[in-house]
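1. Take a look and give me a structure for this.
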Amino acid sequence: MNKKNEEVIREMLQNFLPQDPDEGRQTLEELDVLLMRYEAAIREVRTKLDILNDELSLLGHQNPIVNIMSRRKATVSIFDKLRRQGNELSLESIQENLNDVAGVRVICSFIDDIYKVAQMLVQQDDVTLLSVKDYIKNPKPNGYRSYHMLIEVPIFFSNEKRPMRVEVQIRTVAMDFWASLEHRMKYKRDIENADEIMADLKVCADTIAATDMKMMEIRDKIPPTPEY
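-> Reported below is the predicted structural model:
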């Protein structure tokens, strides 16, 4: 465990847990339950996406989804982000101030598949769309492209139903490859020629965007596979 994580954990214990040992134990148990709810929400969204992809495959369409990845934000990262944002370290603050505790990333072959998957997902009557950030039509200055949705899905437990937020990112294979390299760059310090590398990444992002568009054009020129 690095020094930064140790500092975050110390602050968490000082500011998050009550002084009374019994109350502190109860708070930790409640945190475990909350994180379980986020993990359940991830499974719910992944299941929805898998079913949609299977349905399209059976109908004779090309599967729009290449891969689905997911993650629940690490506990240390949750409290570190709350601290950086100046928010209270509490269970309520996690739910109110963080939208990326539960994350699902969907990788598609083509750009139009991204919008197709997004539309099919939010058309389900138990999915509530809270916000959209379309970084494909409006890329970030560094060239980042992806389609982000914040959705809410109901999770059913033994004695209650809880709406839980999940951030869904949808991108092409090429966009994801670029984002993974840019992510490595973002969290590295003291890199020589950092400005030059970021400029190169921006050029690559624009090239990837043009290639994604050209690949759709080529796909549309190929006759569909006959159904038997």
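2. pLDDT averaged over the longest strand along the chain - what is it?
-> When the chain is parsed with DSSP state E, its longest strand is strand 161-172. Mean pLDDT, strand 161-172: 96.
3. What is the helix or strand that that strand is followed by packed up against?
-> Downstream of strand 161-172, the next assigned helix or strand under DSSP states H and E is helix 173-186. If you count contacts as 3 or more CB pairs under 8 Å, 6 or more residues apart in numbering; DSSP states H and E, helix 173-186 packs onto strand 102-108, helix 194-221. C-beta: built from backbone N, CA, C; applies to glycine.
4. any idea which of the ones you listed is most buried?
-> Scoring the helices and strands packed on helix 173-186 by mean neighbour count under mean count of other CB atoms under 10 Å gives strand 102-108 as the most buried, with a mean of 23.
5. name the helices or strands packed onto the host helix or strand of Ile51?
-> Element membership of Ile51 [criterion: DSSP H and E] is helix 21-58. Packing partners of helix 21-58 (3+ CB pairs under 8 Å, 6+ apart): strand 65-72, helix 91-97, strand 102-108, helix 111-122, strand 147-156, strand 161-172.
6. and of the ones you listed, who's closest to Pro224?
-> helix 111-122 (14.9 Å; CB to CB).
7. Measure how the helix or strand that comes right after that closest one sits relative to strand 161-172, angle-wise.
-> For helix 111-122, the following helix or strand on the C-terminal side (DSSP H and E) is strand 128-134. Counting by axes from the mean of the first three to the mean of the last three CA atoms, to 10 degrees, strand 128-134 points 20 degrees away from the direction of strand 161-172.
8. returning to what we had before: deepest in the core, which of the helices and strands packed on helix 21-58 is it.
-> Mean neighbour counts were taken over these using mean count of other CB under 10 Å, and the top value, a mean of 23, falls to strand 102-108.
9. quick one, what contacts the residue sitting nearest the centre point of the chain?
-> Nearest to the mean C-alpha position of the chain, by CA atoms, centre = their mean, lies Gly103 at 3.5 Å. Gly103 is in contact with Ile42, Ser70, Arg71, Arg72, Lys73, Val166, Glu167, Val168, Gln169, counting by CB atoms under 8 Å, 6 or more residues apart in numbering.
10. got a markdown table for these, with distance to Val122 too?
-> Below are the contacts of Gly103 laid out as a markdown table (distance: CB to CB, whole Å):
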| residue | distance to Val122 |
| --- | --- |
| Ile42 | 17 |
| Ser70 | 18 |
| Arg71 | 21 |
| Arg72 | 22 |
| Lys73 | 23 |
| Val166 | 12 |
| Glu167 | 14 |
| Val168 | 9 |
| Gln169 | 14 |
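11. Low-confidence bits of the protein, can you list those?
-> For the chain, the stretches flagged by pLDDT under 70 are 1-22, 24, 60-61, 187-190, 225-228.
12. again, only this time at 50
-> Within the chain, the stretches with pLDDT under 50 are 228.
13. and of the helices and strands packed on helix 21-58, who's closest to Glu55?
-> Once those are compared by CB to CB, helix 111-122 is nearest, at 8.9 Å.
14. about what we covered before: would you mind giving the helices and strands packed on helix 21-58 as CSV with distance to Lys81 added?
-> Listed next are the helices and strands packed on helix 21-58 as CSV, based on distance: least, CB to CB, whole Å:
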stretch, distance to Lys81
strand 65-72, 13
helix 91-97, 9
strand 102-108, 13
helix 111-122, 25
strand 147-156, 16
strand 161-172, 13
